[in-house]
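[1] Give me coordinates for this.
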Amino acid sequence: MSGAPGIERFSLNQITTEQWTLPEAIEGCARHGVGWLAVWRHKLHEYGLKEAKEHIRDAGLSLSSLCRGGMFPAASQQERLQRIEDNRRAIDEAAELGANVLVLVCGPAAGKDLVEARKHVQAGIEAIVPYAEQCGIKLGIEPLHPMYAADRSVINTLRQANDVAETIGTNQVGVIVDAFHVWWDPELDQQIERAGQHILGFHVSDWNVPITDMFKGRSLMGDGVIDLKNMRRLVEQAGYKGPIEVEIMNQSLWNLSGDEAMAKIIERFDAHV
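    Presented below is the predicted three-dimensional model:
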């Protein structure tokens with residue numbers, strides 16, 4: 001296996017420095033020599049699309065993704081159509097910013113019918129594919145750990161994400177491999193190999209024991225049980241050579257200054273990814 005990927009492949013997923021506004025994150029990346037950024041839509045809307053585009057361009061940054069689209073299941077057809085429209089707006093934003101990948105967090109069931117909810121996910125993605133193709137934006141289905149099935153996503157394994165992508169059958173749709181969500185999967189090796197050239201992103205953090213907060217329970221690389229170097233080897237063998245996003249929701253990290261957090265993140269990225 002090759003050595004550490006180097007800072008040139010490190011991308012700051014903006015949620016990792018939630019204490020920073022979008023302009024602060026842009027300036028922070030430039031200050032720390034980080035060339036990639038993954039933007040979250042709530043931060044983008046606070047700053048403004050035009051302002052963000054110009055600032056990112058002037059700072060010389062590239063965007064690894066825009067987070068997030070998805071959330072397709074809903075109780076009524078009208079609500080599902082509204083969510084499809086919001087995904088089209090997210091595609092517009094990604095295209096305007098120059099982020100080639102829109103990450104899809106697919107959404108929970110509106111009731112207790114997981115099978116029906118997964119049908120809503122597939123139908124929702126199918127509905128936005130033509131517009132994504134027109135705009136040149138790839139759609140990355142991100143499976144979330146099963147503990148999030150009730151409130152965030154009914155797509156919980158890489159096999160499920162691959163199944164949806166293959167059923168839709170276009171190069172416009174692929175998958176996101178997030179270490180925190182898939183490290184436990186006994187089929188991980190096979191499903192990463194199956195995804196192959198359809199891997200649109202690789203996200204890293206760590207799984208500390210015990211998990212004390214479902215949303216903010218991710219930890220810095222090296223603090224937990226995930227073999228991140230092996231997972232990087234697997235995605236690279238499958239063909240993914242793009243930016244590697246550090247995506248950590250962690251209150252202790254957010255309590256630091258953004259610059260302190262960035263220094264820690266870069267150090268751990270170099271040592272453990």
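[2] who's in contact with stretch 10-26?
    28-29, 34, 36-40, 43-44, 46-47, 51-52, 55-56, 59, 61, 64-65, 67, 203, 243-249, 253-258, 261-262, 265-266, 269 (CB atoms under 8 Å, 6 or more residues apart in numbering). Quick note: C-beta positions are derived from backbone N, CA and C, even for glycine.
[3] go again using 7 Å as the cut-off
    Applying CB atoms under 7 Å, 6 or more residues apart in numbering, the external contacts of stretch 10-26 come out as 28-29, 34, 36-40, 43-44, 46-47, 52, 55-56, 59, 61, 64, 203, 243-249, 253-254, 258, 261-262, 265-266, 269.
[4] show me what contacts the residue nearest to the spatial centre of the chain?
    In the chain, the C-alpha nearest the mean C-alpha coordinate belongs to Val103, at 5.2 Å (CA atoms, centre = their mean). By CB under 7 Å, 6+ apart, the contact set of Val103 is Ser65, Leu66, Cys67, Arg68, Gly140, Glu142, Ile176, Gly201.
[5] of all these, which comes closest to Gly169?
    Gly169 lies nearest to Gly140 out of the contacts of Val103, by CB to CB, at 16.0 Å.
[6] And the pLDDT for the closest one?
    What the model reports for Gly140 is a pLDDT of 98.
[7] OK, contacts around the closest residue to Glu193 other than its chain neighbours?
    Once flanking residues are discounted, Glu193 sits nearest to Ala238: 5.5 Å by CB to CB, 6 or more residues apart in numbering. Shown in contact with Ala238 (CB under 7 Å, 6+ apart): Ile192, Glu193, Ala195, Gly196, Ile199.
[8] out of these, which are inside strands?
    If you go by DSSP state E, the contacts of Ala238 have Ile199 in strands.
[9] wait, what's in contact with Ile199?
    By CB under 7 Å, 6+ apart, the contact set of Ile199 is Gly174, Val175, Val177, Val235, Ala238, Gly239, Tyr240.
[10] could you pull out the helices for the stretch 101-250 of the chain?
    Shown for the stretch 101-250 of the chain, the helices assigned by DSSP state H, counting those that start in this stretch span residues 114-135, 158-168, 179-182, 188-195, 228-238.
[11] Can you tell me which of those helices is packed in deepest?
    Ranked by mean neighbour count, these are led by helix 179-182 with a mean of 24 (mean count of other CB atoms under 10 Å).
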